[in-house]
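In: structure of the sequence below:
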Amino acid sequence: MIFTDQLNRAISLPNPPKRIVSLVPSQTELLVDLGLRDRIVGVTKFCIHPKGLKKEKTVIGGTKNFHFDKIESLQPDLIIGNKEENYKEGIEKLAEKYLVWMSDIFTLEDAYRMILSIGELTDTSIQAVQIVSQIKDGLDKEFKLKGSAVYLIWKDPLIAIGSNTFIDSMLEKGGFKNLINQSRYPEIDLEEIVKLNPEFLLLSSEPFPFKEKHILFFQEKLPKTKIKIVDGEMFSWYGSRLLFTGKYFEDL
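Out: So this is what the prediction gives:
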């Protein structure tokens, strides 16, 4: 069958894949939740969910640096990646030799389409439809408006979440108004944040591991702002981890 990925690339799969390499943590977890744990042969060092999976599989490097020799040894019949999380040169090199399906996620609807598409790719459409339905039960509602916010993902330099990102769409879904008007992931200095005077400063647990000590650092400059450490997975993982996001937004 011919399948089109989210970059509008067509791949032909003669049979459901039996040897899958996943290059994206959130999509690795999705594959397991689709019942495909036994068919995953390779994962990245960042594929931390479910616990213990990395010990069972071959770790092929990170999301931005693949060990091509390890991938070669696995002889995958499908590789699943993502435009933002992986790197173009590596994906292009893999696509010369293997079937590579790529996601490209900006919104919840993109995430739903990705889940359903991977279900079709792997002959697990029934499970994929069930997962999307359960995610929608938790997220397809209006969450209480919480206030204006700046969301930081890195400390040195300070990097914020801007528009045209999945996290931005999840901030809006969760009831926050993102004050960063720039696109993607702009660097920002502390003085700019002070001028924006957000009601909330959200410090993500990943990729930079913000801790309680950082709250004290920012609170001195932003005495009226509510500063919170938030679970970055709930805002940025676009696979089956979204099953937990609705309750997280309600509790936040």
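
In: helices of the stretch 101-250 of the chain, start to end?
Out: Along the stretch 101-250 of the chain, the stretches classed as helices by DSSP state H, counting those that start in this stretch are 108-121, 125-139, 166-173, 190-196, 212-221, 232-236, 245-251.

In: quick one: the second one to helix 166-173, angle?
Out: Looking back up the chat, that one is helix 125-139. 50 degrees (axes from the mean of the first three to the mean of the last three Cα atoms, to 10 degrees).

In: do the same with the first one
Out: Helix 108-121 and helix 166-173 meet at an angle of 120 degrees, taking the same axes, to 10 degrees as the criterion.

In: helices and strands around helix 108-121, which ones?
Out: The helices and strands touching helix 108-121, judged by 3 or more Cβ pairs under 8 Å, 6 or more residues apart in numbering; DSSP states H and E, are strand 2-4, helix 25-33, strand 78-82, strand 100-103, helix 125-139, helix 166-173. C-beta: built from backbone N, CA, C; applies to glycine.

In: can you pull the contacts of the nearest residue to S22 once chain neighbours are set aside?
Out: Using Cβ to Cβ, 6 or more residues apart in numbering and skipping the chain neighbours, the partner closest in space to S22 is T28 (4.1 Å). Neighbouring residues of T28 by Cβ atoms under 8 Å, 6 or more residues apart in numbering: 22, 40, 43-44, 47, 49, 53, 239.

In: the nearest residue to I153 once chain neighbours are set aside: neighbour count?
Out: Nearest residue to I153, sequence neighbours excluded (Cβ to Cβ, 6+ apart): S204, at 4.9 Å. Using other Cβ atoms under 10 Å, S204 has 23 neighbouring residues.

In: in the sheet, who's paired with S204?
Out: Bridge pairing for S204 (DSSP bridges) gives the partners V230.

In: mind listing what it touches?
Out: The contact partners of S204, taken as Cβ under 8 Å, 6+ apart, are 151-153, 210, 230, 232, 235-236.

In: would you mind checking these for buried ones?
Out: With burial judged by 16 or more other Cβ atoms under 10 Å, the buried subset of the contacts of S204 is 151-153, 210, 230, 232, 235-236.

In: okay, the residues you listed in a markdown table with distance to Q6 next?
Out: Shown next, in a markdown table, are these (distance: Cβ to Cβ, whole Å):
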| residue | distance to Q6 |
| --- | --- |
| Y151 | 24 |
| L152 | 27 |
| I153 | 23 |
| F210 | 30 |
| V230 | 26 |
| G232 | 22 |
| F235 | 20 |
| S236 | 17 |
